[in-house]
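Q: got a predicted structure plus its sequence, pasted below:
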Amino acid sequence: MQRVILDCDPGIDDTFALIYLSAANHAGQLELDCVTTSAGNVSAAQCAQNAAFVLAQCGLRTIPIAAGCESPLQWPLTTTPETHGETGLGYVEAPKRHVEDDWQELWIDAIERGTDDLHLIVTGPMTNLAVFAHQHPAHFARLKHITVMGGAVNYPGNTTPNAEWNFWVDPHAANEVFRVANTPITLCPLNVTEQMWLAPERLEAIVKLLGTQPIAQNLKEIVRFYFEFHQDVGEGYGAQIHDLLTVLVALDRVPATTEPAYLQVEADSELMRGAVSADIKGIFEHAPNAAVLTSSDIDAAWAEFERSCRVHTRFAVGDPTLAAGYHRKAED
């Protein structure tokens with residue numbers, strides 16, 4: 001069975017990733033080992049509270065959650081209240097919940113259980129991964145499946161003309177991870193993730209599919225803020241759900257193509273901060289440190305997510321055909 005560590009910064013599009021992973025966990029298709037958070041859309045501590053709230057709303061109250069690094073490696077932290085709201089979940093505010101103290105211990109525990117089936121998925125800045133690689137190099141070296149949402153590869157950025165948000169927030173972390181990676185990292189850049197467009201009509205359908213699962217009662221107000229942001233910047237009343245597509249690609253749930261590449265991320269230049277230099281043709285004769293996503297089947301991705309929403313409906317009514325252990329967890 002696939003196992004997942006999700007390192008995220010919820011965040012509205014992260015919410016969709018959590019909804020999907022919780023459904024797959026309920027159905028016994030994967031095990032969500034833990035969720036950790038980085039400082040990005042809001043503080044790492046607030047992100048952890050948001051993740052705990054979303055998972056509880058999805059019937060998962062026992063997944064270990066911990067806040068990670070509270071600031072980028074070198075640049076001052078910048079957050080996105082104009083994009084995701086003051087507390088990260090649009091017009092919804094998460095109540096305080098218990099979270100764990102040591103995010104690195106959660107990663108170590110998961111890695112020591114084995115890494116053949118363990119997928120580390122990073123949908124926020126790569127700060128935690130860079131720190132972990134530095135402080136626990138032997139455990140980092142054991143990771144075989146790492147997928148990251150970030151970067152703009154020969155494509156306009158969404159934060160500056162050259163840079164995507166996650167890489168811009170902590171470019172030193174992104175560059176360091178690609179520098180020391182033992183196996184190519186799957187990168188899901190803006191080039192493809194921006195195609196994962198959520199329109200109001202699809203959101204209405206998703207809420208209906210979620211049925212009586214509590215997250216359905218909050219999802220519209222979480223997403224409405226994101227819709228309004230996209231409309232304000234001239235992209236229309238809808239939203240790009242980058243992190244959900246990243247999870248689906250990471251777990252091979254959707255058709256996708258990648259190209260090997262050697263990547264470097266500009267960290268120190270204020271003008272080019274977060275920009276990706278990508279050697280896809282092998283001109284500089286470096287071994288690839290990334291597999292860059294170049295295309296994916298967006299219709300299939302939405303169909304897979306909608307299927308997961310039906311799992312939530314079955315779970316909410318106690319369907320006995322779902323994995324029995326997850327009913328017990330939800331009731332604890």
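A: Yep, that arrived. Residues are numbered from 1 along each chain as shown.

Q: thought Ile63 was touching Glu31?
A: No: checked against Cβ atoms under 8 Å, the pair Ile63 and Glu31 is beyond contact range at 9.5 Å. Where you see a C-beta, it was placed from the backbone N, CA and C, and this is true even at glycine.

Q: residues shared between the contacts of those two?
A: With contacts taken as Cβ atoms under 8 Å, 6 or more residues apart in numbering, the residues that reach both Ile63 and Glu31 are Asn25.

Q: spatially, which residue comes closest to the most centrally placed residue in the chain, not counting chain neighbours?
A: Relative to the mean C-alpha position of the chain, the nearest C-alpha, by Cα atoms, centre = their mean, is the one of Thr123, at 2.8 Å. Ranked by Cβ to Cβ, 6 or more residues apart in numbering and with sequence neighbours excluded, the top spatial neighbour of Thr123 is Asp243, at 3.9 Å.

Q: so what touches the strand or helix carrying that neighbour?
A: Taking DSSP states H and E as the definition, one finds Asp243 inside helix 242-250. Contacts to helix 242-250, defined as Cβ under 8 Å, 6+ apart, come from residues 6, 8, 11, 13-14, 16-17, 20-21, 119, 121, 123, 145, 147-149, 186, 188, 190, 192-196, 253-254, 256, 293, 296, 298, 301, 304-305.

Q: take those and keep only those in strands.
A: Secondary structure assignment (DSSP state E) places 6, 8, 119, 121, 145, 147-149, 186, 188, 256, 293, 296 from the contacts of helix 242-250 within strands.

Q: quick check, nearest of those to Asp319?
A: If you rank these by distance to Asp319 using Cβ to Cβ, Leu6 comes first, at 24.7 Å.

Q: let me see the ranges of the helices in the protein.
A: Assigned by DSSP state H, the chain shows helices spanning 12-26, 44-57, 81-84, 103-112, 127-135, 137-142, 165-169, 171-180, 190-193, 200-210, 215-232, 242-250, 298-316, 324-331.

Q: in JSON lines, list those along with mean neighbour count and mean pLDDT.
A: Listed next are these as JSON lines, based on neighbours: other Cβ atoms under 10 Å; pLDDT from 0 to 100:
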{"stretch": "helix 12-26", "mean neighbour count": "27", "mean pLDDT": "97"}
{"stretch": "helix 44-57", "mean neighbour count": "25", "mean pLDDT": "97"}
{"stretch": "helix 81-84", "mean neighbour count": "18", "mean pLDDT": "95"}
{"stretch": "helix 103-112", "mean neighbour count": "18", "mean pLDDT": "98"}
{"stretch": "helix 127-135", "mean neighbour count": "23", "mean pLDDT": "98"}
{"stretch": "helix 137-142", "mean neighbour count": "14", "mean pLDDT": "98"}
{"stretch": "helix 165-169", "mean neighbour count": "29", "mean pLDDT": "98"}
{"stretch": "helix 171-180", "mean neighbour count": "23", "mean pLDDT": "98"}
{"stretch": "helix 190-193", "mean neighbour count": "24", "mean pLDDT": "97"}
{"stretch": "helix 200-210", "mean neighbour count": "16", "mean pLDDT": "97"}
{"stretch": "helix 215-232", "mean neighbour count": "19", "mean pLDDT": "97"}
{"stretch": "helix 242-250", "mean neighbour count": "28", "mean pLDDT": "98"}
{"stretch": "helix 298-316", "mean neighbour count": "19", "mean pLDDT": "94"}
{"stretch": "helix 324-331", "mean neighbour count": "13", "mean pLDDT": "35"}
